[in-house]
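1. One predicted model, sequence on top.
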Amino acid sequence: MSSERLSPFSYAVLVLVGEGGAGPHDLVRMMRRGRIYWTAPQSQWYAEPKRLERLGYLSSRRAPGRTNDRTLYRLTDAGRAALRDWLATPAPFARIQDEPVVRLLAAEYADDATVLAGLGTLRAEIADLRAGLVVAAGLEATLPHRERALRLNRRLAERILDAHEEWLDAVEAELGGPGRAA
C-alpha cells in the first residue's frame, strides 16, 4: 500500500475516531468489542492513526490518561472530506476471511473427528460474540449520533452468528458430530 493511499482500514480508523476523538487504546478496545466486523493486529491500530495524522486526516493532542498522558486523535476537515468522498463510492461485498471454511475444505487430510475437534471451539466463541452484542445493544443509546447505525450493524452481526451456527450444525450433522440429526 502506498504510504499516501487510504485503505479500507484507514477509513475504519477515521470512522472510529469520529467527532468525539479517540486514542489508540480506545481504538483497540473498540476493535475487541467489534471483532465480528473487523480485525487487525493491535499494532496497526496504534500505527495507522499516526500515519493518518502525517497525511493531515487526523490531528492529535496530549490528554490526561489513567496513569500517564495519552494521545487523543481528532478528525480534521481533510479527514471529514475523505469520509464524505469515500461514502459516495460503491461499497464492495464484505471481505471474508473464514478460517473454519478453509479447515472444512482441507478435511480430506484428516478424519472427521479431527476436523470436528478443530471446529469444536466455535460454539463457545459464537456465544462470547453474542454476549458482546448484548453489551453493545445496551451501549447504543449512549451514542445517539450513531445509535441507528449501531443497531443496524448489531442486527447484521446477529444474523452472521446465526448463519455460522447453522453452518456448524450442518457440518456436525454431515461429519457425525454433536449437532448430528437424530
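-> The structure has been received and is ready for your questions. Keep in mind the model is a prediction, meaning the values are calculated, not measured.

2. how deep is residue 165 tucked in, by neighbour count?
-> Counted with other CB atoms under 10 Å, residues neighbouring residue 165 total 16. The way it works is simple: take the backbone N, C-alpha and C, and place the C-beta from them, glycine included.

3. pretty sure it belongs to a strand, no?
-> No. Counting by DSSP: H, G, I helix; E, B strand; the rest coil, residue 165 falls outside a strand, being helix.

4. Find the nearest non-adjacent residue to it, please.
-> The shortest distance from residue 165 to any non-neighbouring residue, by CB to CB, 6 or more residues apart in numbering, is to residue 126 (5.9 Å).

5. I'd say the one you found and residue 164 touch.
-> Yes. Under the criterion of CB atoms under 8 Å, residue 126 makes contact with residue 164 at 6.0 Å.

6. domains for this structure, by residue range?
-> Domain segmentation of the chain under automatic domain parsing yields 8-87, 99-175.

7. Could you tell me the least trusted of those?
-> Among those, domain 8-87 has the lowest mean pLDDT, at a mean of 90.

8. quick one: terminal-to-terminal distance for that domain?
-> Domain 8-87 has its terminal residues 11 Å apart, counting by CA to CA, to the nearest Å.

9. Same question for stretch 30-46.
-> End-to-end for stretch 30-46, by CA to CA: 13 Å.
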